[in-house]
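Trainee: With the input below, show me the fold.
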Amino acid sequence: MSASDSDSDADFNPDREFPIAPPAPRKGRGAVTNLQGRYEVDQRETVDDGWASNPDEDGEPRALRTQVFEEKAKSILTRNASPDIPFNVSLNPYRGCEHGCIYCFARPTHSYLGLSPGLDFESRIYAKINAPELLEREMSKKSYVPEPIALGVNTDAWQPVERDLRLTRRIIQVLHDRGQPFAAITKSSLIERDLDLLAPMAARGQVMAAITITTLDADIARTLEPRAATPARRLRTIRTLSEAGVPVGVSIAPVIPFVTEPDMERVLEACAEAGATNASYIVLRLPWEVAPLFKDWLTAHFPDRADRVMSRVRDMRGGKDYDSSFASRMKGEGLWADLLRQRFYNAARRLGLNRRDRGILDMSHFQHVEQKPAPRAAPDKPASPQLDLF
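Mentor: Now for the predicted structure:
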């Protein structure tokens, strides 16, 4: 699935605005509801009848346990045809993401599984357990043409379940052994675990990384990205990668008006001080089910500014919650989008960010080793000459 598959419509439910009484947020989760996916035939609505469902002693909803399902994928490399995305090939070891970022554009992909883009997306994770083997097989084909791979674009390749499953680690080992360049983006400090593979690749010009930081406010981050590393920890990861020789940048994604937007300059300053050399930003995107999920989150956590936030979002989206056109979906349009753009570029210029070209990842070290078929077992007795015909 390409990175744009979940962006094909502006408003999933244009009649839905803010809920009158949103459910209480669950500790450690981003979504406050388990909104049904758009492909469900039977629509269900949760009604509070006054009987709390399995509450904890303090009255909070009971913690939702993460479930991990093993999946054998048929293919592992996704080709992208979106003209506003700077890569052609991506690889995602997981479907769903435990980080629980409420704004995640990949949430609607869980609808294809018959699951909710809400709480299901962050608590029901599918691990492509054969991903390293599929990657090895793909790169062994005579027809394979090496080009940089984007790792962890739809869902974070270093999300919490990776600590035990180590799928991303095994994938990087394959990329390392083959000399296959890649670019990674993450919110997790777990990427530091793999520096023994990343540092030698960086020395050969085969890897670059980006750390996503939306805000430096830990309280906002705790509700916005509940199971991702704290902003301070992500800054330390930038410093660690930079000191290890891995080119690292910061992605301020998304910029949410009146929530994370006031922090833009401070984020850039902190990241530049930590060693980031490049920076980028993306304004809030609300494709399909992300729009109602985000509105529920706003009402639960920022009821005082929910109307202002959505009004400003629509100012940048031609009056709609979302506009999926390639020309404007990443940066928005209109006066407020122009002001954001000026703020970002002025700050980046002042801090010396984006002065050096990120460069082209070096493809010259790629080893195209064709997999040989397994040898046939010797027969227990001499075969009939007639079998030689087959």
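Trainee: Would you state the strands of the stretch 151-300 of the chain in chain order?
Mentor: Here the stretch 151-300 of the chain has its strands, by DSSP state E, counting those that start in this stretch, at 182-186, 207-212, 248-255, 278-283.
Trainee: which helices and strands sit right next to the longest one?
Mentor: Looking back up the chat, that one is strand 248-255. Where contact means 3 or more Cβ pairs under 8 Å, 6 or more residues apart in numbering; DSSP states H and E, strand 248-255 is packed against strand 207-212, helix 231-243, helix 264-274, strand 278-283. Yep, even glycine has a C-beta here, placed from its N, CA and C like the rest.
Trainee: Go through those and name the closest to residue 159.
Mentor: strand 207-212 (12.5 Å; Cβ to Cβ).
Trainee: show me the contacts for the residue nearest the centre of the chain.
Mentor: For the chain, the residue nearest the mean C-alpha position is residue 155 (3.5 Å; Cα atoms, centre = their mean). The contact partners of residue 155, taken as Cβ atoms under 8 Å, 6 or more residues apart in numbering, are 92, 94, 95, 96, 97, 104, 106.
Trainee: Using CSV, lay out those together with neighbour count.
Mentor: Supplementary listing: the contacts of residue 155 in CSV, determined by neighbours: other Cβ atoms under 10 Å:
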residue, neighbour count
92, 25
94, 25
95, 23
96, 30
97, 27
104, 27
106, 23
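Trainee: which among those gets closest to residue 67?
Mentor: residue 96 (9.6 Å).
Trainee: just checking, the closest one touches residue 110?
Mentor: Yes. Contact criterion Cβ atoms under 8 Å: residue 96 and residue 110 qualify, at 6.2 Å.
Trainee: list the residues that contact both of those two?
Mentor: Counting by Cβ under 8 Å, 6+ apart, the common neighbours of residue 96 and residue 110 are 120, 121, 124.
Trainee: Next, count neighbours for the second one.
Mentor: Which is residue 121. If you count neighbours by other Cβ atoms under 10 Å, residue 121 ends up with 32.
Trainee: Same question for the one 4 residues further on.
Mentor: Counted with other Cβ under 10 Å, the neighbours of residue 125 add up to 22.
Trainee: dump the residue contacts of the nearest residue to it once chain neighbours are set aside.
Mentor: Nearest residue to residue 125 in three dimensions, chain neighbours excluded: residue 96, at 4.3 Å (Cβ to Cβ, 6 or more residues apart in numbering). With contact taken as Cβ under 8 Å, 6+ apart, residue 96 is in contact with 110, 120, 121, 122, 123, 124, 125, 126, 155.
Trainee: Check the spacing between the first one and residue 253 real quick.
Mentor: Summarising the geometry, the distance separating residue 110 from residue 253, computed by Cβ to Cβ, to the nearest Å, is 20 Å.
Trainee: so how far is residue 254 from residue 128?
Mentor: According to Cβ to Cβ, residue 128 and residue 254 sit 26 Å apart.
Trainee: hang on, the earlier thing: now the strands of the stretch 151-300 of the chain in TSV, with mean pLDDT and distance to residue 65?
Mentor: Putting the strands of the stretch 151-300 of the chain into TSV (pLDDT from 0 to 100; distance: least, Cβ to Cβ, whole Å) gives the following:
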stretch	mean pLDDT	distance to residue 65
strand 182-186	97	24
strand 207-212	98	26
strand 248-255	98	28
strand 278-283	97	32
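Trainee: Nearest to residue 231, out of the ones you listed?
Mentor: Nearest of the strands of the stretch 151-300 of the chain (Cβ to Cβ): strand 207-212, 10.1 Å.
Trainee: Partner strands of that closest one, with direction?
Mentor: If you go by DSSP bridges, strand 207-212 pairs up with strand 182-186 (parallel), strand 248-255 (parallel).
Trainee: buried stuff in the longest one?
Mentor: In other words, strand 248-255. 248, 249, 250, 251, 252, 253, 254, 255 (16 or more other Cβ atoms under 10 Å).
Trainee: now it, how far from the centre of its chain.
Mentor: Mean-position distance between strand 248-255 and its chain equals 12 Å (Cα atoms, centre = their mean, to the nearest Å).
Trainee: Lovely, talk soon.
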